[in-house]
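Peer 1: kindly return the folded structure for what I paste below:
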Amino acid sequence: MAADSTLLLSLVEEFVSGLQDSKAKDAAKVKDGQFTVLQLVEALLSLTSSQAPTRARGVQLLSEVLKECYGELTEREEVLIAFYENRLKDHYVITPPVLQGLRALTRCTTLPPGSAVSMLRSLFQDVHSLMLAERACVYSMLINLMETREAELKGLGADFVFGFVQSMDGERDPRNLLLAFQIAKNIIHRGYDLKFTEELFEVTSCYFPIDFTPPPNDPHGITKEELIQELRGVLTGTPKFAEFLLPLIIEKLDSDVPSAKLDSLQTLYEHKDLAEFLEGLWASLRREVFQTSSENVESAGLAALTALTSCLSRSVLSSDSEDSLSSFLDLILKDCKHHLCEPDLKLVWPSAKLLQATCCASNRASHIVTAAVMPSLIDQYNSRTQQCSQRRTLLEVVQQFIQSVKSSQSSDSESVLSAFREALCSIMFSALSESDSSLQITATSALTSLAQLTLLLDSDIELAIDHLTRLLLIEEDGRVAAVVECAGALAELHPAAFIAKLIPRLKMRQRCLSALAAVSKQSSVVQDSTPVLLEVLSSAHKSVSFSVDEVVLACHSLQRIAEQVEDEEETGRCFHDVIIPRLLSLALQAALQGPLVEEAVLSAMVPVISTSCSRLQPRMAAQTASRAVSLFLDGDVSFLPDNSFPSHIQLLKQGDSWSQSQMVCLLMGCVCSLPRSQVEVPQIDQLLSALEEMSCTCSHQLSYTSAAKCFAGLVNKRPPDSLDSLIQRTMKRVCSELDSTSSSVRIQAFTLMIWVAKALLLRYHPLFKTLTDKLFSLLDDTDLGLMAADSFSLLMSDFTDVLNRSCHADVRIMYRQRFFSENSAKLVQGFNAATQKKSNYLKALSNIVNKLPKQVQVTELPALLSLLLEALTCPDQGVQLSTLSCLEPVLINPPPALIQQLEALVNRLLALLCSPAMLQNVRIVSLRCIHALSSFPVLPFRARVLRALAKPLDDKKRLVRSEAVQARGEFLLGSPGGR
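Peer 2: Model prediction:
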């Protein structure tokens, strides 16, 4: 035992004298049970020194050990507390380690009774004289004690709250304020004695509203929003603060600072106890909407009004209490209602917004406001027969009121608008009969809202269909989108009426095709609408002078139906048995003899088939895949309608007919969108072999590109055990063609390689590295270098027809970031090593970086800055635009590396501005970058920049001139000396 004490004393002496930092060793020995904490205290007490720093190191040793071993304490903690409280009276340099030790003790769950009170009395004596870190330590101790010794703290009564108020008073550091606000919230929410309510409010509300801007590159990461939310939680945490908070909010709303107004309004709609201050609050809210100078402040004011009304709607009424909601709504109606009836309608929108905000709050408020306002609005609309613009304004106000009622109405209650149904329907149908298209558009929106409130009778629906059909057949494009949207919404609610009345009356016009798609959201409607669309395609096939645009629109309408229709077996069967076979049949007829061979037509058919197959049930999906493979591999046309085709058609062999080989894009739509785990593609090996052959030998671009995409789509879903040998065999063939500069199919081989690389990249397959190495080597190729640089954009982009999640492709998360991290260094090395074709490396890098998420760009760009600046000198304007798009977000919060390259960046941007051959988009983004530079330390370049900006001020394009004005204004009026 004596030996242990001697060893402990020697370790303590070594640490205190500064010869060795043995605190970790001491902590380990305490944990192992070789020493106790009390023995360590005794060893420290045996050391006497007149030097305060030496004593501080002794206390620091004990505190560090306690920080590691507070859970090991089981007895005599009062000795430690007494020791530390004694040390608080020592020299000020000893205070920091003392507080660290006390903080460790507050985390101990075995403190004796009364210890928390003893520590607090010592702490509360002189908090203000402590440094920032020490004050943070005190706040942390309070939080710990509120978790572990709450009953003891509450036993102090109001003394604890008063002590906290005194310790927090005057705190300015945002890190400590976050801790202090957390303590204040605990006091409010956990039932502490709030005798000193006003004092607690005063010490916290002095920070309202928060005015804090974090310094650049703040390592603590404290934001203004965090402070606002924590303080708001304190101020709105108890009704006892209402008498102090609401006058403060009203005062801040009268200020001229938009941020103060916004914070006040957002704090207001989190408060609950409001009745006494309603008149003053309404006056402030009304002013912010009637005289708004900021859209954000107006929105916050309306949201506060809604919350205020909602709160009053939930208040419990007693027999002798005043109805606060009715009184408040009377105030609002008194100030707003008369503006709805003024001849010039000057203040109709602010008044309507305020009234609609109250309507949204509750069903009861909605009843009161609607009953008071709606008759007046209807009368006003009917009386202004010669004033079309004012009628439109009134109808828009009515439509917004209907939306507000809709948002507040519960599903099982009678609609607030039931009493006005007939009058509302009358003005809607009257507006639809007008010649003014803006009135008709507003009426369709209002009609949709009424239908969603189930206010329309069957006779109303029939009349609405008559009006909508008439408008669809009128040759005016301005209203078609609104009419189509209305028809779609009503058809979803009343499918039978639309099947009976609308579909038979629509003629073969483009606007009608969109309407057919819009109304086809239920399987019963799809059965009647899709034959009309298929007939459009059939008629075009039989016509010599058909419209490609109409055929494409019919396909887009079918695609929209496939995307939005309810996922039912009946719908799937319609697509499986009718639509997909019909499209394949029409395409094959066109390939053999008809006019529908345009690439635009086939490209429009692909998403119809792809979307349909991706949503089929597994059994039907497997049957569709089997049919498609049999058609393309074996020439089996038995499942196609109007079967008059020759037998043994060979669609995967080009022969002399590119019109047949290009149909492979439809095969891609069928087999590449199937669920990979539920449906197996039949004859997969033969199919892949045939697709590879077409990809590498066909001379028709659409054919070999579609074959390569189909091959890649299947490869992406192949099980790992059968994939490696397939890729190796394909790459052997591709590389042999690429390595032969005399080969006539190098472009075809490259196209296949890049699509296979895309398929492997998405699923993180190891063989992807082999393909990227080959791709990098081709950047120096004379013929394929530019194509290889462009292909990096393909690797990083999403495609709608293949290799996407909606087609059930195997797409791993963050594949772009992974590709960038693994290959950016190779691009830099290749650029540095290249003697020619350096621009290809710059274009490849720009294509990669431009597709990365903005957050990743900001993080990674500093390392690539020199290459990106070099890319701005590249003659390819696509590279310049892509690079500028990458740099623009980084300039908002520039890294130090960019500041060091400021002169080079300014020179390159000015060169882009002054070049007469630059594209408009390049000039615009260059000007935005120059604008962002105005907050940099660019004083040495200011005169040169201003001279250069004179030229775009006279640019032919308005958008360029606008950007130039803003940039020049910042350089003239801003702070070109830097932030």
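Peer 1: where does the stretch 101-250 of the chain have low pLDDT?
Peer 2: The model of the stretch 101-250 of the chain has pLDDT under 70 over residues 125-129, 216-219, 242-243, 246.
Peer 1: helix, strand, or coil at the residue nearest to Thr705 when sequence neighbours are not counted?
Peer 2: Sequence neighbours aside, Thr751 is the residue nearest to Thr705 in space, at 5.8 Å (criterion: CB to CB, 6 or more residues apart in numbering). C-beta coordinates here come from the backbone N, C-alpha and C atoms, glycine included. Following DSSP: H, G, I helix; E, B strand; the rest coil, we place Thr751 in the helix state.
Peer 1: count the residues that sit near Thr751.
Peer 2: 23 (other CB atoms under 10 Å).
Peer 1: wait, isn't it in contact with Ala708?
Peer 2: Yes: Thr751 is within contact range of Ala708, at 4.9 Å (criterion: CB atoms under 8 Å).
Peer 1: so for the two, which residues contact both of them?
Peer 2: Here Thr751 and Ala708 have Ser695 as joint contacts, going by CB atoms under 8 Å, 6 or more residues apart in numbering.
Peer 1: about what we covered before: what distance do you get for the residue nearest to Thr705 to Gln728?
Peer 2: Thr751 sits 19 Å away from Gln728, going by CB to CB, to the nearest Å.
Peer 1: before we move on, what about Gln387?
Peer 2: 77 Å.
Peer 1: who touches the closest residue in space to Leu156 that isn't next to it in sequence in this structure?
Peer 2: In space, and not counting its chain neighbours, Leu156 is closest to Val117: 6.3 Å by CB to CB, 6+ apart. Applying CB under 8 Å, 6+ apart to Val117 gives the contacts 152-153, 155-156.
Peer 1: recalculate using a threshold of 10 Å.
Peer 2: 145, 149, 152-153, 155-156, 159-160 (CB atoms under 10 Å, 6 or more residues apart in numbering).
Peer 1: could the C-alpha coordinates of the strand or helix carrying it be exported in CSV?
Peer 2: Following DSSP states H and E, one finds Val117 within helix 115-123. Below are the C-alpha coordinates for helix 115-123, written out as CSV (Å, rounded to 0.1, in the frame of the first residue of the first chain):
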residue,chain,number,x,y,z
SER,A,115,-24.4,18.8,-2.9
ALA,A,116,-26.2,20.4,-5.9
VAL,A,117,-27.3,23.3,-3.7
SER,A,118,-23.8,23.7,-2.3
MET,A,119,-22.2,23.8,-5.7
LEU,A,120,-24.8,26.3,-7.1
ARG,A,121,-24.3,28.8,-4.2
SER,A,122,-20.6,28.7,-4.9
LEU,A,123,-21.1,29.1,-8.7
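Peer 1: please state the offset of it from the chain centre?
Peer 2: Centre-to-centre, helix 115-123 and its host chain are 48 Å apart (CA atoms, centre = their mean, to the nearest Å).
Peer 1: and the next helix or strand past it?
Peer 2: Helix 115-123 is succeeded, C-terminally, by helix 132-148 (DSSP H and E).
Peer 1: give the other helices and strands that that following helix contacts.
Peer 2: Using 3 or more CB pairs under 10 Å, 6 or more residues apart in numbering; DSSP states H and E, the elements in contact with helix 132-148 are helix 95-106, helix 115-123, helix 150-155, helix 158-168, helix 174-189.
Peer 1: want to throw those into CSV with distance to Leu200?
Peer 2: Output for the helices and strands packed on helix 132-148, formatted as CSV (distance: least, CB to CB, whole Å):
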stretch, distance to Leu200
helix 95-106, 22
helix 115-123, 16
helix 150-155, 15
helix 158-168, 6
helix 174-189, 7
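Peer 1: can you say which of those helices is packed in most?
Peer 2: helix 95-106 (a mean of 23; mean count of other CB atoms under 10 Å).
Peer 1: which elements pack onto that one?
Peer 2: Under the contact criterion of 3+ CB pairs under 10 Å, 6+ apart, helix 95-106 touches helix 52-69, helix 77-87, helix 115-123, helix 132-148.
Peer 1: what's around the residue lying closest to Leu919 once chain neighbours are set aside, how many residues?
Peer 2: Closest residue in space to Leu919, ignoring its immediate chain neighbours: Gln877 at 5.2 Å, by CB to CB, 6+ apart. Using other CB under 10 Å, Gln877 has 15 neighbouring residues.
Peer 1: ok, Gln877 - contacts?
Peer 2: Applying CB under 10 Å, 6+ apart, the residues near Gln877 are 912, 915, 917-919, 921-922.
Peer 1: good, wrapping up.
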